[in-house]
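Student: Have a look at this prediction, sequence included:
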There are 2 protein chains.
Amino acid sequence: MARNFKAVIAYDGTPYSGWQIQPQRTTVQGKLAGVLHNITGENVLPQGSGRTDSGVHALGQVASFALESPIPTANLHRAMNDKLPTSIRILSLEEAAPDFHARYAAKAKTYEYRIKLGEICSPFQANYVLHMPWPLDTNNMQQAAQLIVGEYDFTSFAANDPDKTQRESEPGNDDDREGNVRTVFSSGFTQNDDDLVYTVRGNGFLHHMVRNLMGTFLLIGKGSLARNDFVNILAAKDRTKAGPTAAPQGLYLVSVEY
Amino acid sequence: MARNFKAVIAYDGTPYSGWQIQPQRTTVQGKLAGVLHNITGENVLPQGSGRTDSGVHALGQVASFALESPIPTANLHRAMNDKLPTSIRILSLEEAAPDFHARYAAKAKTYEYRIKLGEICSPFQANYVLHMPWPLDTNNMQQAAQLIVGEYDFTSFAANDPDKTQRESEPGNDDDREGNVRTVFSSGFTQNDDDLVYTVRGNGFLHHMVRNLMGTFLLIGKGSLARNDFVNILAAKDRTKAGPTAAPQGLYLVSVEY
């Protein structure tokens, strides 16, 4: 009988065309499927808690997959890390309940968006932060960030995808989360010298939602939008009212809760 | 009259075939020359304090170059960072004495070699450390590291280059430092949890010297060599007696003193 596995995965998104397997592209899901095939001979497609876009990083992505192979879990864990590129690491691997599904079972996710202030961004951080050399009013950004805590229709911050399957993170419970209503449990900035980090935890996120929120927070930080405008943008349920999509390399999928 | 400049430069060595300009290769020196040409129309080759190999990083490389252009220094600094890839940053730029030469005037250099211990290396550190998942006797490594403080002939740790021009760092004062004798001012390890860092400061370094020292320290750390063997290896002046060349991505040129 097949065993079902839960893997917690970190990856540097820089060299990947995102999570989801695509023809002719190097993707995290594709690399994982290739390595599992290489180790066991089985064709399985690990299911992630959600998709991440090209250049977006993960500190704790979760994936589930089932295997017929009798390989001991610890050996499989070691073999996967041996064969994967060093830009993808399986942080933990455990056997899960037969019905565990990394996407459908997700109850909450946490994302971080990292910004580097100051005139010069270290070359060692260039692919891992958004560099903002201009002064930002972080107090106004923080007040706007707190306005999304609760249950809201986030259409103003959803990608303009005609295809709903393009969402960055699928709903935790399939039918309950059709549409663009999501609950945000916490949302706020912390600053340590030139490191400004936005952390948001919610029950699910629309495709590009965190990056579109960040693009809007940055307009507020620069003074191009008043923070009260933010309430109107959220209420408008109209993507054209909000700011641009912030660059991918500042975004991290931090953790998924079940 | 031409002005002479001193630039302090940080770079992520991952995408570069080292410092030194080469045909058909992407190099840090080549990028700098290209950007200076682009800004001023002049053909100048910035002279580095020394060469770094492919994959080796710099936190504070120093380069000198002379320009006829009247562009204000602050504007040149900004223009260079605007046009350079984000993996190379000019940390500071100042006018220097007409005879300042980044290589000939160097009095001391500091290198770091970063090792990550523990079973799993973060994907965000893979290009920036040497990952050593096995236990190391860091006390023995530290004792060996201290044995090189002083003036020694480092032939046992020099690259087997037939061409002496291939030295990683040219001598600070050209004629005084022919041959393989160098003075090491300090040499030792510091450890913070799983981060083991070797720091060495000296008046000059032979090509591959720090990486060859590290390859030998690692043999001591693994117990393959006794630390007393190290005295004999240093005395032998024979490259074949020492350990292998450690991987480039753990090495950083930290600073150059004048």
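Tutor: Structure received.

Student: what residues are up against A:N212?
Tutor: A:156-159, A:239, A:242-246 (Cβ atoms under 8 Å, 6 or more residues apart in numbering or on different chains). Bear in mind the C-beta positions are built from the backbone N, C-alpha and C, glycine included.

Student: quick check, it in a helix?
Tutor: Yes: counting by DSSP: H, G, I helix; E, B strand; the rest coil, A:N212 falls inside a helix.

Student: Same list as before, the contacts of A:N212 that is, but in JSON lines and with secondary structure included.
Tutor: Listed next are the contacts of A:N212 as JSON lines, based on three-state DSSP:
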{"residue": "A:S156", "secondary structure": "helix"}
{"residue": "A:F157", "secondary structure": "helix"}
{"residue": "A:A158", "secondary structure": "coil"}
{"residue": "A:A159", "secondary structure": "coil"}
{"residue": "A:R239", "secondary structure": "helix"}
{"residue": "A:A242", "secondary structure": "coil"}
{"residue": "A:G243", "secondary structure": "coil"}
{"residue": "A:P244", "secondary structure": "coil"}
{"residue": "A:T245", "secondary structure": "coil"}
{"residue": "A:A246", "secondary structure": "coil"}
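
Student: residue boundaries of the strands in chain A?
Tutor: A:3-11, A:47-48, A:57-67, A:88-96, A:108-117, A:130-132, A:150-153, A:181-192, A:195-202, A:251-257 (DSSP state E).

Student: Is chain B within reach of the fourth one?
Tutor: Yes: for strand A:88-96, a contact with chain B is found by Cβ under 8 Å from any Cβ of the partner chain, at A:88-89, A:91.

Student: At the contact with chain B, which residues of chain A appear?
Tutor: So chain A meets chain B at A:10-12, A:57, A:81, A:86-89, A:91, A:120-124, A:126-128, A:131 (Cβ under 8 Å from any Cβ).

Student: What remains of these if I keep only buried residues?
Tutor: Burial by neighbour count, 16 or more other Cβ atoms under 10 Å in any protein chain shown: within the residues of chain A next to chain B this picks out A:10-12, A:57, A:81, A:87-89, A:91, A:120-124, A:126-128, A:131.

Student: count of residues packed around A:K31?
Tutor: 20 (other Cβ atoms under 10 Å in any protein chain shown).

Student: so what secondary structure elements neighbour the least confident helix or strand in chain A by mean pLDDT?
Tutor: In chain A, no helix or strand scores lower on mean pLDDT, DSSP states H and E than helix A:227-236, which sits at a mean of 93. Helices and strands touching helix A:227-236, by 3 or more Cβ pairs under 8 Å, 6 or more residues apart in numbering or on different chains; DSSP states H and E, are helix A:138-146, helix A:209-222.

Student: Go through the ones you listed and name the closest to A:Q61.
Tutor: The closest approach between A:Q61 and any of the helices and strands packed on helix A:227-236, judged by Cβ to Cβ, belongs to helix A:209-222 at 14.5 Å.

Student: Could you pull up the mean pLDDT of that closest one?
Tutor: Helix A:209-222 carries an average pLDDT of 97.

Student: Likewise for stretch A:148-157?
Tutor: 96.

Student: Centre of the chain to it, how far?
Tutor: 17 Å (Cα atoms, centre = their mean, to the nearest Å).

Student: List the buried residues in that stretch.
Tutor: A:148-149, A:152, A:154-157.

Student: Give me the domain ranges for chain A.
Tutor: Using automatic domain parsing, the domain parsing of chain A gives A:3-96, A:108-257.

Student: Return the member of those having the minimum mean pLDDT.
Tutor: When I compare these, domain A:108-257 is least confident, with a mean of 90.

Student: picking that back up, with respect to burial, which of the helices and strands packed on helix A:227-236 scores highest?
Tutor: helix A:209-222 (a mean of 24; mean count of other Cβ atoms under 10 Å in any protein chain shown).

Student: what angle do that one and strand A:108-117 make?
Tutor: 40 degrees (axes from the mean of the first three to the mean of the last three Cα atoms, to 10 degrees).

Student: Only alpha carbons, please: show helix A:209-222 as PDB.
Tutor: Output of helix A:209-222 as PDB, limited to C-alpha atoms (Å, rounded to 0.1, in the frame of the first residue of the first chain):
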ATOM      1  CA  MET A 209      -2.100  39.300  -3.500                       C
ATOM      2  CA  VAL A 210       0.900  39.900  -1.300                       C
ATOM      3  CA  ARG A 211       2.900  41.500  -4.100                       C
ATOM      4  CA  ASN A 212       0.000  43.700  -5.100                       C
ATOM      5  CA  LEU A 213      -0.600  44.700  -1.400                       C
ATOM      6  CA  MET A 214       3.100  45.600  -1.200                       C
ATOM      7  CA  GLY A 215       3.000  47.600  -4.400                       C
ATOM      8  CA  THR A 216       0.200  49.700  -2.800                       C
ATOM      9  CA  PHE A 217       1.900  50.000   0.600                       C
ATOM     10  CA  LEU A 218       5.000  51.300  -1.200                       C
ATOM     11  CA  LEU A 219       2.900  54.000  -2.900                       C
ATOM     12  CA  ILE A 220       1.700  55.000   0.600                       C
ATOM     13  CA  GLY A 221       5.200  54.900   1.900                       C
ATOM     14  CA  LYS A 222       6.400  57.200  -0.800                       C
END
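
Student: distance between it and the chain's centre?
Tutor: The answer for helix A:209-222 is 16 Å, by Cα atoms, centre = their mean.
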